[in-house]
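Undergrad: got a predicted structure plus its sequence, pasted below:
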There are 2 protein chains.
Amino acid sequence: MKNLKGLKVSLDQMPVIPGRPDLNAEYILRSINRAVKNKIDILVLPELAVSGYLISDLFEDESFVREVDRCNDIIIKAVPENLIVIFGTLASSSHYKNEDGRMRKSNCAVVAGNGLAQYFITKTLQPNYSIFDDDRHFYGTRKLAESSGFDAADYLKPLRIKTRIGSFSIGVILCEDMWHENYPCNPTEILVDKGAELIFNLSASPWSWHKNRKRHQIVRALLKKSPVPFIYVNNTGMQNNGKNIIVFDGSSTVYDGYGQIMLAVPPYYEGAYDFTFAKPTSDLVLPSDLPLLSLAEQIRRDADELYVGWEYGVRQAFNLLPPSARKAVIGLSGGIDSAVDAVLMAQILGPENVYAINMPSQYNSETTKNLAKQLADNLGVHYEVRPITKIVGAICEATGTKVDSLSYENVQARARQEILAARCQDLGAVFICNSNKIEMAFGYGTLYGDIAGFIAPLGDLLKYEVYQMADYLNRVVYQREVIPQECFKLAPSAELKNKQKDPFHYGNLERRGYHDELVRAFIEFRLNPEWVLEKYLNQTLEQEFGLEPGTLKKLFKTATDFTADLELNYRRLMNSYFKRIQCPPINKLSRRSFGYDLRESLLSPFFTSRYLNLKK
Amino acid sequence: MKNLKGLKVSLDQMPVIPGRPDLNAEYILRSINRAVKNKIDILVLPELAVSGYLISDLFEDESFVREVDRCNDIIIKAVPENLIVIFGTLASSSHYKNEDGRMRKSNCAVVAGNGLAQYFITKTLQPNYSIFDDDRHFYGTRKLAESSGFDAADYLKPLRIKTRIGSFSIGVILCEDMWHENYPCNPTEILVDKGAELIFNLSASPWSWHKNRKRHQIVRALLKKSPVPFIYVNNTGMQNNGKNIIVFDGSSTVYDGYGQIMLAVPPYYEGAYDFTFAKPTSDLVLPSDLPLLSLAEQIRRDADELYVGWEYGVRQAFNLLPPSARKAVIGLSGGIDSAVDAVLMAQILGPENVYAINMPSQYNSETTKNLAKQLADNLGVHYEVRPITKIVGAICEATGTKVDSLSYENVQARARQEILAARCQDLGAVFICNSNKIEMAFGYGTLYGDIAGFIAPLGDLLKYEVYQMADYLNRVVYQREVIPQECFKLAPSAELKNKQKDPFHYGNLERRGYHDELVRAFIEFRLNPEWVLEKYLNQTLEQEFGLEPGTLKKLFKTATDFTADLELNYRRLMNSYFKRIQCPPINKLSRRSFGYDLRESLLSPFFTSRYLNLKK
């Protein structure tokens, strides 16, 4: 292994601003100046640091692409002697076309400085799943190779660089190139086989729960075959695709040749971290080396990671707004969902910028009204009580809608939206959608009513996780009981008619409920009712779902009750997509969130023949 | 060229039902029976005829995929002697993984019958633009070739088949395989070079305006190099991706070896058409051979094609609903947009299923109120007048919103939505969003107000095209003046305050307006303000936009006025995406529609340095 002692590398977890090459180039120029001052040998910036990654079809705008080219040139020219800058950007070609007939663009790494005028390296493995559409936008190494009759491997070559500590060979790869498991080639291995002594991975890798654990495992497995130091640089900031708010956690890492972590830059740290090789190894170690954690400790750490990613995403979403508009109006019912959203808003925007509105009708209990008031007082947010009765009355009068009809329930939900929307506009604020993932999944909500707003912060949280976040906010963030204990105990209800209760077996603070698990199975694990029924019939469903033994028996007296509920909810899931088409943006937290992450079509619910056989 | 005299081919423009392999397999079995009765040699069905094409991430559901496999088997087993069936379907492999780590699936053609037990041919060229995400779902020939060290061409082989008229070789390709222009290989050419004497193209090719003209050109160019007969089979029906309603027009075609059309199946014909080789050539000829049309005639034919695609899509969207819910509630203002929607609805659903509601406030003129009434009478639809005054009053009272504020305008728009939504639910109907493409582009509308509803039929029509459709409905469909002439002359207004007029230079029945053209430039041609300003400065913009000479001078006194309007509207376009995120589904009509066809991120509006220089 090459002795890199004394090599100074700067890992810049740049908070990339999507669609703003001007601002991003300015940032990179500042970062270069800083690197010069700190006598850095190699400055590394993330993937697509100039254009941003999630800019959707703005990649098709040739003027925009040429502007990125101009910025690339400015950056390359600004690299002084004795510094090497590696940054991710878009490179375009006016000679060749993309497969869509447009200008050809590639997702590239540029290596500039110290004798290397500039060197463009295209991405080899391009993801096309979840929120990713790389093949839509970028012409990668594999296509370059195919169109010229070569192998992708022929395009993967280490680069010889000169630094203060001597010359050596580096391999530069981009993001997915390291997540090679299901692809026909492994760029890291190829580069090391060809002599690379240090690997750089430039990423724009969205955070999702537990992703980093998986990454450490992947790197360690990679380096077992190809033992060279590995430097991973990921951006921070938030980007979006309209339907989803996506956070990038940075969490850049320097691994030694065995995959041990030598530097772990703190997640969400928006800036550069310098690292000098052969300093004492940091005391951070791989998660797999950690002593086994107790379940309670594991849950605590999970909540920690979830909270930080969640809060960062929602905070950044508000940064899309001009500073004067960073104010939130929120309907506060006294239930746990709106309580959690209100506390989060107060935390992000400051209580002075949060307007909690309780909007009672004849169906709201004194209990919930008091809880709403108590919460608002605890937080110190503005609190208004605005009954919906007269609006509901006026709508019913204008339309002939009858009291206590289903229609009447929706009229109430929409009347609340009217209040939130009007208050918003008068205050120059936005309002919050309190729907959680279970409600989104099964369409339990009113379009243009409670399914409305600037953002749905709970839209990717199961009920169990809503409670987790409630508890975390009380325990860790506020360190006092801002959310009253009673909110945790209340049976969830929409309070749109008398004695209404939500028709789900929800999770609580301790564990997920049956319908939480059903949503996970359908959405995160992409399972079919066929799978659920099979596990139920061979009596392993409680185990698969991690439910308390006896739960299913308590919920469903007979197998017929079970299948009736399963079919009802699968139909609800499929049919309610018409609501999700028009729902607010959701910040992605789980491995699969509604929106652009899970793409849906309006389809008629269909049960497989195997399901129907099992049912018999 | 092989003498195929006497060969009987059936082209089945199957109305594929996405996500319903059970129903699709039943259809195919019926089609096989019909082919046997008609003594057909080769029955051809479209691409992905068993699963459907636009089913989004349902492709990830392994139980669903296995169900498709089961249906494939049933179909293959049902093929009798003396018949060859070629159909498009999904094929899966449990041995190999896709690049996303899931079960590997391919978009395939199956050739079954007459000694060929079954033969799976994977798609070679996979589109990843517009509404298409092929690489997300399917493992194509190019990846198969790459992962096994071959060329895609090695996988492309003609198939020898036996029929009543003798043995010969066929080449089977799928959809994009013929649109090879920007790809590194040309499957048709390869197959003909290897001996194919007849090419079949199985397509799931969405209709968009003028697409078929382009197709005839492509086929003719293809066959110049590779002169063999070419049979194109495309499905009918509607599929969707939630944000867009997509129609498939069929328009299946048999071309002779020179690209002359021997059979053109009528567009949207939902069924099989038989063709026997060496019958006298049909009298249909290639559009390029048509005598030059007058501009007026061209516009008339365009309107014809547009109307048929538009009406079919909206009609099919209603077929997503149970028959009892195929009723529409529509806000009828007296303006041209709602007039066109109302007439379309009456045409599709029958006047007895249309509820037109005029919802006046103090700002609505007697003129528009009378026009609304007159239109409803002309159509014979239900007509209700429901003033919004009291609802608006109740909302203002509950929220403190002031009369004549901007907020007050939005309260009015939302109050109308309240009436539509409540009436809908009481009637078991859906309501219609009347926003057109200009309004969608510039965010000229109120979220949860006029931007709301089951579908936005005008969402991909420029104002010029709205007038075109109005005229077409009067002139061709109804053959009387259902839409009063005054509606054509009225200056468009939202009527949310006194003397309000829409801030756009709209098109009229004769030609597109400046802002119509601006939307086309930004959306359909993906141009940047930089391009617009450049053309303005070198005085070619009127020509590029096809505007009447002098239009720009009339609209903008100075260059400063011009850039101010340009920047304002580009900002509006970028900023108003937050409304489009939550807007109703739009049926795709143009080459690029808002929704899943044009993917957007919420980004801050950005002007390139070249734009800023030009401005100076």
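TA: Perfect, thanks for sending it. Numbering: from 1, shown residues only, chains lettered A, B, ... in the order given.
Undergrad: up against chain B, what does the stretch 51-200 of chain A have?
TA: A:52, A:54-58, A:60-64, A:66-67, A:70, A:97-102, A:125, A:127-130, A:133, A:135-136, A:142-143, A:146-147, A:149, A:151-152, A:181-184 (CB under 8 Å from any CB of the partner chain). Every C-beta, even on glycine, is put in place using the N, C-alpha and C of the backbone.
Undergrad: mind checking the SS state of the spatially closest residue to A:D274 that is not a sequence neighbour?
TA: Excluding the flanking residues, the one nearest A:D274 by CB to CB, 6 or more residues apart in numbering or on different chains is A:S10, at 4.9 Å. Here A:S10 takes the strand state, with states given by DSSP: H, G, I helix; E, B strand; the rest coil.
Undergrad: run through the bridge partners of A:S10.
TA: With DSSP bridges as the criterion, A:S10 is bridged to A:L43, A:D274.
Undergrad: so it touches A:A272, yeah?
TA: Yes - applying CB atoms under 8 Å as the test, A:S10 and A:A272 come out as touching, 4.8 Å apart.
Undergrad: intersection of neighbour lists for the two?
TA: Common contact partners of A:S10 and A:A272 (CB atoms under 8 Å, 6 or more residues apart in numbering or on different chains): A:31, A:34-35, A:43.
Undergrad: and the lengthiest strand in chain A with strand A:8-12, angle?
TA: Longest strand in chain A by number of residues, with DSSP state E as the criterion: strand A:84-97. Angle between the axes of strand A:84-97 and strand A:8-12 is 60 degrees (criterion: axes from the mean of the first three to the mean of the last three CA atoms, to 10 degrees).
Undergrad: thinking again about what came up before, quickly check the shared contacts of A:S10 and A:A272 for the two that are furthest apart.
TA: Maximum pairwise distance among the shared contacts of A:S10 and A:A272 (CB to CB): 8.5 Å, between A:R34 and A:L43.
Undergrad: who has more neighbours, those two?
TA: A:L43 (28 against 16; other CB atoms under 10 Å in any protein chain shown).
Undergrad: do I have it right that that one meets A:V85?
TA: Yes - counting by CB under 8 Å, A:L43 touches A:V85, with 4.8 Å between them.
Undergrad: shared neighbours of the two, anything?
TA: Common contact partners of A:L43 and A:V85 (CB under 8 Å, 6+ apart): A:32, A:35.
Undergrad: check the residue nearest to A:D274 and give its pLDDT.
TA: Looking at A:S10, its pLDDT stands at 98.
Undergrad: show me the contacts for it.
TA: A:31, A:34-35, A:38, A:40, A:42-44, A:272-275.
Undergrad: run the last query once more with 6 Å
TA: Listed by CB atoms under 6 Å, 6 or more residues apart in numbering or on different chains, the contact partners of A:S10 are A:35, A:40, A:43, A:272, A:274.
Undergrad: now the helices for the stretch 51-200 of chain A?
TA: Using DSSP state H, counting those that start in this stretch, the helices of the stretch 51-200 of chain A run over A:62-78, A:134-137, A:141-148, A:152-155, A:187-193.
Undergrad: can you tell me the SS state at A:Y355?
TA: strand.
Undergrad: now do the end-to-end distance for stretch A:140-154.
TA: 13 Å (CA to CA, to the nearest Å).
Undergrad: quick one: buried residues of it?
TA: For stretch A:140-154, the neighbour count (16 or more other CB atoms under 10 Å in any protein chain shown) marks A:140-146, A:151-153 as buried.
Undergrad: make CSV out of the residues you listed and add pLDDT.
TA: As requested, those are arranged in CSV below (pLDDT from 0 to 100):
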residue, pLDDT
A:G140, 95
A:T141, 95
A:R142, 95
A:K143, 94
A:L144, 93
A:A145, 93
A:E146, 91
A:D151, 91
A:A152, 92
A:A153, 93
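Undergrad: from the residues you listed, pick the one nearest A:P229.
TA: Distances from A:P229 to the buried residues of stretch A:140-154, taken by CB to CB, are shortest for A:A153, at 22.1 Å.
Undergrad: excluding chain neighbours, what is closest to that closest one?
TA: Using CB to CB, 6+ apart and skipping residues adjacent in sequence, the residue nearest A:A153 is A:I190, 5.1 Å away.
Undergrad: do I have it right that that neighbour meets A:K157?
TA: No - counting by CB atoms under 6 Å, A:K157 is not a contact partner of A:I190; they are 9.0 Å apart.
Undergrad: what ranges does the stretch 451-600 of chain A have for its strands?
TA: Along the stretch 451-600 of chain A, counting by DSSP state E, counting those that start in this stretch, strands occupy A:586-587.
Undergrad: quick check: residues of it near chain B?
TA: A:452, A:526, A:528, A:530, A:581-582, A:598-600 (CB under 6 Å from any CB of the partner chain).
Undergrad: show the buried residues in those.
TA: Those of those that meet the buried threshold are A:452, A:526, A:528, A:530, A:581-582, A:598-600, by 16+ other CB under 10 Å.
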